[in-house]
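Participant: have a look; sequence and predicted model below, questions after that.
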Amino acid sequence: EGSLDAIARRSGRRFGSAINWNAGTNGGSIQNPLYTRIINAECSLVVPENELKWQWTRPAPDTYDFTRMDAIAAWARANGKGLRGHTLLWHRPRWFPDWLNNYDYGANPVQEAERMLVDHIRTVTDRYRGQITSYDVVNEAIDHDTNRTIETSMSRAMGSPEAVIDLAFHVAREQLPDGELVYNDYMSWEPAHLAHCNDVLRLLEGMKARGVPCDALGIQSHIEMFAIDPATGVGPYLEREWRRFCDEVVGMGYKLMITEFDVKDKALPGAIPERDAKIADFTRRYFDVMLDYSELTDILAWGMVDRFSWLQGFAPRDDGLEVRACPYSSEYAAKPMREAIASSL
Ligand code: XIL
């Protein structure tokens with residue numbers, strides 16, 4: 001037995017979770033001793049849920065504010081936890097700070113956009129040098145409705161989304177010659193995501209062809225229960241498609257990471273024991289597939305305790321019940337999902 005991390009380490013992997021900074025003790029935060037007790041017991045790795053994103057670290061074009069990220073970094077150091085960097089660029093206008101969406105790149109837009117991005121990546125990687133060596137360099141660069149890479153103020157200034165993506169990885173590599181550079185995205189084996197999976201493959205292929213230094217694909221893994229065929233209780237067709245996708249990714253030489261695991265249980269009827277059993281089952285099936293890949297390295301949950309899961313707000317259940325997305329309940333008790341992860345690792 002042992003902690004999830006101890007079990008993961010038997011196959012050379014690490015287990016971790018998102019954590020956040022916020023005032024007070026009622027959160028999935030470094031300030032909540034009940035939360036940090038679970039992190040300390042199960043994880044050797046943490047990732048800031050929000051605190052390293054531009055909206056938090058860069059309030060204005062030439063102003064940085066690392067107060068909250070520094071607090072998480074200090075907590076990780078004090079508690080002997082590894083720290084991942086999420087993210088150097090969340091490539092979506094929705095997650096850009098307003099000032100960046102409205103930014104005037106001036107007479108030399110290419111140079112100015114490059115300056116903005118390069119300065120950001122250098123500032124962040126310098127600040128956490130020695131502590132953060134694995135980064136989600138670019139997060140979510142493809143629009144799953146249009147199947148195209150997303151335009152932002154920065155990509156328009158630089159000429160294309162690819163110009164932004166490539167530069168981000170090149171600068172990150174300059175900064176971290178031995179670091180682990182990840183492209184992170186939310187593809188999964190649900191039907192609606194299969195086209196998105198293809199787009200991710202094309203992006204990874206293109207990066208390879210252009211010599212872009214990206215080491216791994218981060219598979220967020222916000223998995224949805226409705227991928228299961230209600231008749232059979234499993235999703236064999238989609239599982240086959242999913243394996244093919246992962247095969248292609250590792251075939252190109254990329255490693256894999258599970259960066260943001262949780263389960264959306266919207267489609268499941270309300271009774272908790274049955275729901276938890278189904279969620280655990282689904283978790284086991286997902287992990288069993290992923291653990292077949294020796295290329296899979298770190299595994300991170302997007303939060304360890306249901307009550308603090310972002311899904312309570314982002315994908316609430318229609319019946320108003322709490323989403324049971326995480327390995328631990330809102331009462332900080334291990335759930336069947338936790339055992340499912342433990343038994344698959
Ligand atoms: C989410 C956080 O959990 C929320 O607190 C925040 O409001 C929005 O971002 N994909 C990602 C993560 O890459 O950064 C997102 O985190 C969840 C989806």
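Facilitator: Looks like it arrived, so ask away.
Participant: what residues does the chain have near the ligand?
Facilitator: 49, 50, 139, 186, 220, 260, 310 (CB under 6 Å from any ligand atom). The C-beta positions use only the backbone N, C-alpha and C, and glycine is treated the same way.
Participant: quick one: residues contacting whichever residue of the stretch 201-345 of the chain sits closest to the ligand.
Facilitator: For the stretch 201-345 of the chain, the residue closest to the ligand is residue 310, as judged by CB to the nearest ligand atom, at 3.3 Å. Each residue near residue 310 by CB atoms under 8 Å, 6 or more residues apart in numbering is listed here: 49, 302, 303.
Participant: do a quick rundown of the strands in the stretch 1-150 of the chain.
Facilitator: Along the stretch 1-150 of the chain, counting by DSSP state E, counting those that start in this stretch, strands occupy 15-19, 45-48, 82-90, 132-139, 142-143, 148-149.
Participant: which one of the ones you listed lies nearest to residue 165?
Facilitator: In terms of CB to CB, the element of these nearest to residue 165 is strand 132-139, at 5.2 Å.
Participant: strand partners (parallel or antiparallel) of the closest one?
Facilitator: strand 82-90 (parallel), strand 180-185 (parallel) (DSSP bridges).
Participant: how far does it sit from the chain's center?
Facilitator: Centre-to-centre, strand 132-139 and its host chain are 10 Å apart (CA atoms, centre = their mean, to the nearest Å).
Participant: how about stretch 124-137?
Facilitator: Worked out by CA atoms, centre = their mean, stretch 124-137 lies 16 Å from the chain centre.
Participant: buried stuff in it?
Facilitator: 124, 125, 128, 132, 133, 134, 135, 136, 137 (16 or more other CB atoms under 10 Å).
Participant: number of residues surrounding residue 100?
Facilitator: 19 (other CB atoms under 10 Å).
Participant: these two touch, right, it and residue 54?
Facilitator: Yes. If you go by CB atoms under 8 Å, residue 100 and residue 54 touch, sitting 6.6 Å apart.
Participant: now residue 86: how far from residue 322?
Facilitator: Going from residue 86 to residue 322 by CB to CB, to the nearest Å gives 25 Å.
Participant: so the two - more neighbours on which side?
Facilitator: residue 86 (25 against 16).
Participant: remind me which helix or strand residue 319 belongs to.
Facilitator: Residue 319 belongs to no helix or strand when elements are defined using DSSP states H and E.
Participant: how about the closest residue to it other than its chain neighbours, secondary structure?
Facilitator: Residue nearest to residue 319 in three dimensions, not counting chain neighbours: residue 270, with 5.5 Å by CB to CB, 6 or more residues apart in numbering. Assigned by DSSP: H, G, I helix; E, B strand; the rest coil, the conformation of residue 270 is coil.
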